[in-house]
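# structure here, sequence nowhere to be found:
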């Protein structure tokens, strides 16, 4: 990839109150898309509150593209049913990396920025970008659209591979 800025580790933590698409339950899985990239979680059988706790990694070269989350119910003998979708942008996350680099070391647990839930995003509550264990981390709950109910909990973490948005600094290094 030519203009690779870094990698985004997206942890799909869980679904909450997902829609019923089978008789009494659903067999949900999540697809994550960004541009031409498409990743997916495993299917959790018969569960409206599934816990995936799966790490999916996206290559980030065009940070303008939204990340799309689509939830489906796995059907074994027919087409999979849609269970809602959501999207988010990573520019606030990338800006938090730049802020952290500008100010250097931060105390553990420092909230770098907050993103409010509003009509322009799918957040169901405020999302905080935090300095946690030497990494910039963002936890978010996304309200699913085009469905009667459901939310997805995610966590974002940056993996720098280019040095352009480097988080790791060489402070106090003795040569």
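The structure has been received and is ready for your questions. Everything quoted here is computed from the prediction, not taken from an experiment. Numbers count the residues shown, from 1 in each chain.
# pull out the buried positions in the helix or strand of the chain with the lowest mean pLDDT.
None of the helices or strands of the chain scores lower by mean pLDDT, DSSP states H and E than helix 91-103, at a mean of 86. If you call a residue buried by 16 or more other C-beta atoms under 10 Å, then helix 91-103 has these buried ones: 92, 93, 94, 96, 97, 100. Just so you know, the C-beta spots here come from the backbone N, C-alpha and C atoms, and that holds for glycine as well.
# after it comes which helix or strand?
Following helix 91-103 in sequence order, the next helix or strand is strand 111-115 (DSSP states H and E).
# list the buried residues in the helix or strand following that following strand.
Once strand 111-115 ends, the next helix or strand along the chain (criterion: DSSP H and E) is strand 127-132. Applying a neighbour-count criterion of 16+ other C-beta under 10 Å, the buried positions in strand 127-132 are 127, 129, 130, 131, 132.
# run the chain-centre distance for strand 127-132.
A distance of 13 Å separates the C-alpha centroid of strand 127-132 from that of its chain, computed with C-alpha atoms, centre = their mean, to the nearest Å.
# who does it pair up with?
Pairing partners of strand 127-132, with direction, according to DSSP bridges: strand 111-115 (antiparallel), strand 135-143 (antiparallel).
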